Every structure is written in structure tokens, then in C-alpha cells.
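[1] the amino acid sequence is not available; the structure is as follows:
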Ligand code: DUC
Ligand code: ZN
Ligand code: ZN
Ligand code: ZN
């Protein structure tokens, strides 16, 4: 029987190997890797290109309610389209529980947003904002069984933060059910204190967003999060780490034998707090939390990617329009940095940035790139070995890269719903030019050929980190 699709003559990279071979695909799955595979209905010539597992971005915010009058710039159509063009085939957005409401209600809404609208596969993390007895006792355990195997908790934001006791209670559900907890580490009380001081001084411009969320605020919360996880005896993901001192908390916890995974993001490699200065309200374009820091922190994050302090490199795509009353320039926002919605777009540039600045500049090798952006993402969040690698039996989710293609970032040429890119004008070498999802050609030489709805919802297994000997996984 002929293959549906064969990808020929490319250089394949996985998290462990780089080799030349052809890939035979049938019914959406990789069924052969080798030479002279024989007949195929369709074939792609990947001579001179890298053939990589499709990117998995485990940290993406889409259509998330963001406070009074504020609207996210991406829905599932534009968000997954942007992800696809950036070489991704799966993204994991967050489903936010509204206070006082069941998580199932939020999930129903998110599934309705996503169904039939996606260009990549999607799966959801849960954000627990209200760990009531019903949520902890019944709802979360049932949802873990249903394939929602990870939840995020916040230590900051008045309306999202959990107390230490609530975090412990949520971690305890994870301990009992084999779910994985992700924590946003910033100390809300410390931030409130600094915001009060700066506003009293009339210091209200976007730059003060960074000043009022200094490293100490993140480091303290990181220390507390890993300590709470130690008390509850659960593995942990520290998301969006921005600086060396927080990295050191992760490393110290690991030396104590704790399973702690670190994640960093493109903004902490490419931006600094100086970007929040700027004429008019332009600095708002770079407002995200934790904030970008300084050149030394950028170096620290590169170092962490090289040395393995970080296992995950994700975008934290959280897009708001700039020139829009529903976004960064909302009427209240312009009166104080405090009202600027936190988050920046990045799902389309995550991989090109790491490829150009990491692989092409010799900071990390190709297998490490694949590990950080696909394989570890799949393993951490229960998608491996179905996704995150090029292997017989895996989904045929593949990105073909031209390692020598140089392009300058222009938001006008991007595919998200925002009206700017924080990386405008950046010259990057190495771009995905062909993307295949489940054996179906989605992007061909930079043009969209896939259809909305080709991407589907995927339930997940438990993380390999959270499985115990008495609860085996697919691994
Ligand atoms: N945390 C995120 O993970 N993303 C955007 C904003 C935030 O605070
Ligand atoms: Zn966060
Ligand atoms: Zn100040
Ligand atoms: Zn985020």
C-alpha cells in the first residue's frame, strides 16, 4: 500500500539524534523511517532542510477573560494560525475558572471557542482560582481522570492569587490524582506595597511595571512555591522564569532531590526593562509578568537553557492589542501602569527566536532545541510519545525548517490578532516553511493550505513527573 505522504532527503532531528532519512506517513501517523520507502500519494522534498517534530507550546493564553473591558487579541482561529506559522502543531492554552463557578463551566466555554476553529491541536491546562471544597473534593479529581492533567495556580493578581494554604490544598489534589501543578511565582503583597509607593510619587508610566515587580518578588515566591511543593510532596513546574536568582531556587530544590521543572520564554532572552521606557505609552507593548529584566538576566536565562536548569522553552503568548481601548491603551491603563493588561504576543516567534539566536549562534544544539520546544513539552504534560518526537507510531506532526532563510520580523506579515510585535525589526535566520499536522499539509512554502478545524482537541495522559510506581504511564 502506498504511503499517504513521504518526506524525503531531509535532515531529521529528535531530542537525541540528527540523521538523514525519509519519513513515511499513513493515516496521520509516522509508519516508517528509512531509505527508499517506495510509493507515496504525495511527497515533499526536504533537501537542505531540517525535519523537526512540530513545536508544542505549553504556555499560551487565548480568549482568556482579562478584566473589565479588556479583550485578548486572539481567538482560537487567529491564535492557532499564528502558532502554526511559527512551526507549532500543538498548543496548550489555559482554561480559567471564574471565582465561585465550577471549572466544568469554563471548560464548556473553552471547548465551544476551540471546536472547529483550530489550525493546530490543542489541549487545556486548568487555572484554579477558587479551590472550594467541591472543586478540590470532586471536580478536580474527576477532571484529571478526564485528561485535564495539569493546573496552574497564581501567587499574584488580587483576583487570582491563592493563599499558601489554598496552594497546599490544590497541590494535595495533585498528589492524590497524579496531576502536575504549575505556579506563577510573584509575591502579590510585595507588589502591592511597591505599587502604592510608586503611585504616591506620581510614577505611573509603563516602566514602573518592572520597578514594582523586582527580582526579589519573584525569587521569594519561587522559594515559597518549591518549599510548599516539598511539604506537599509533589513535582512542580515554575513557569516563566526571568532571572538567575529564581533559577538558583530551582537548582537548590533539585539538589534536595525535588522534581522541579523550570520554564523560560523568549521575552527573557530578547527584551529588557528598558523596553518599557518609550515615548507616549509605547512601553506598554512590553508589559508582561514577570517583567523583562536586564542584560545579565538575559545571559542567565541562556545559561539556564544550555545547562538544563530549564527543561521548557514556551512563549507565554498573551496578546493584547496596543492601539485599542480594549487593550494596552485602555482608558484606565493610560492613567497608571497598574491597569495595563499583562502579557505580550509570542507564539509565532518562539521557535524562530530560539533557532536563530540559540542554534544558529551555537548556544544550543539541534537536539536541545527539539527537547526544549517539543519533546520535553510532550513528556511534561502527558502527550509523549504520541507527540513531541519523530518516531514510528507518533502523530505525523512535523515542521520543515530552512536553516539559512533570513527574515526581518514585521508584524504586518504575522498571523496573530494583535496589532504589533514586541520583536519588530529583529532579523532572524532559520524559519519553518512547511508544517504538517497529523499527516496533513497545513503550511506550504509559507502559505496556508490547511483548514480551520484541522486542529483538534487532545486529552492528555498524566505527566511522567507525576506518575508513581503504583500508577504506570504509557512510558
Ligand atoms: N502570567 C502569565 O502566565 N501570562 C501572562 C500574564 C501572567 O501574569
Ligand atoms: Zn503567569
Ligand atoms: Zn518609581
Ligand atoms: Zn502565561
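    Everything's here; your move. As the structure is a computational prediction, the values presented were derived from the model and not from experiment. Ligands and ions are numbered 1, 2, ... in the order given.
[2] which residues does the nearest residue to residue 419 once chain neighbours are set aside contact?
    Leaving out its chain neighbours, the residue that sits closest to residue 419 by CB to CB, 6 or more residues apart in numbering is residue 321, at 4.7 Å. In this view, the C-beta of every residue, glycine as well, is placed from N, C-alpha and C. Taking CB atoms under 8 Å, 6 or more residues apart in numbering as the contact definition, residue 321 lies against 73, 327-328, 417-420.
[3] need the pLDDT of the residue in the stretch 51-200 of the chain that ligand 1 sits nearest to.
    Per CB to the nearest ligand atom, residue 184 is where the stretch 51-200 of the chain lies closest to ligand 1, at 5.2 Å. We have a pLDDT of 99 for residue 184.
[4] report how many residues lie close to it.
    22 (other CB atoms under 10 Å).
[5] isn't residue 304 up against residue 247?
    Yes - between residue 304 and residue 247 there is a contact at 5.0 Å, judged by CB atoms under 8 Å.
[6] tell me the contacts of residue 81?
    Residue 81 touches 119, 415-416, 448, 452, counting by CB under 8 Å, 6+ apart.
[7] most neighbours among those residues, which one?
    residue 119 (30 neighbours).
[8] for ligand 3, what's the nearest residue on the stretch 101-250 of the chain?
    residue 203 (3.4 Å; CB to the ion).
[9] element containing that residue?
    For residue 203, there is no enclosing helix or strand under DSSP states H and E.
[10] what residues does it make contact with?
    By CB under 8 Å, 6+ apart, the neighbours of residue 203 are residue 211.
[11] gap between it and residue 210?
    Per CB to CB, to the nearest Å, residue 203 is found 12 Å from residue 210.
[12] one more: residue 402?
    36 Å.
[13] with residue 111 instead?
    Residue 111 is 36 Å from residue 210, by CB to CB.
[14] by contact count, what packs against the top helix by length along the chain?
    Ranked by residue count, the top helix of the chain under DSSP state H comes out as helix 215-232. Secondary-structure packing of helix 215-232 (3 or more CB pairs under 8 Å, 6 or more residues apart in numbering; DSSP states H and E): helix 164-177, strand 180-184, helix 188-200, strand 236-238, helix 244-255.
[15] got the angle between that helix and helix 164-177?
    If you take axes from the mean of the first three to the mean of the last three CA atoms, to 10 degrees, helix 215-232 sits at 50 degrees to helix 164-177.
[16] got the angle for helix 215-232 vs helix 188-200?
    Using the same axes, to 10 degrees: helix 215-232 against helix 188-200 is 160 degrees.
[17] show the average pLDDT along helix 215-232.
    98.
[18] one more: stretch 147-157?
    98.
[19] need the residues of this protein near ligand 1, please.
    Within the chain, the positions adjacent to ligand 1 are 61, 184, 239-240, 288-289, 316, 318, 342-343 by CB under 6 Å from any ligand atom.
[20] how about those residues in a markdown table, adding secondary structure?
    Output for those, formatted as a markdown table (DSSP: H, G, I helix; E, B strand; the rest coil):
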| residue | secondary structure |
| --- | --- |
| 61 | coil |
| 184 | strand |
| 239 | coil |
| 240 | coil |
| 288 | coil |
| 289 | coil |
| 316 | coil |
| 318 | coil |
| 342 | coil |
| 343 | coil |
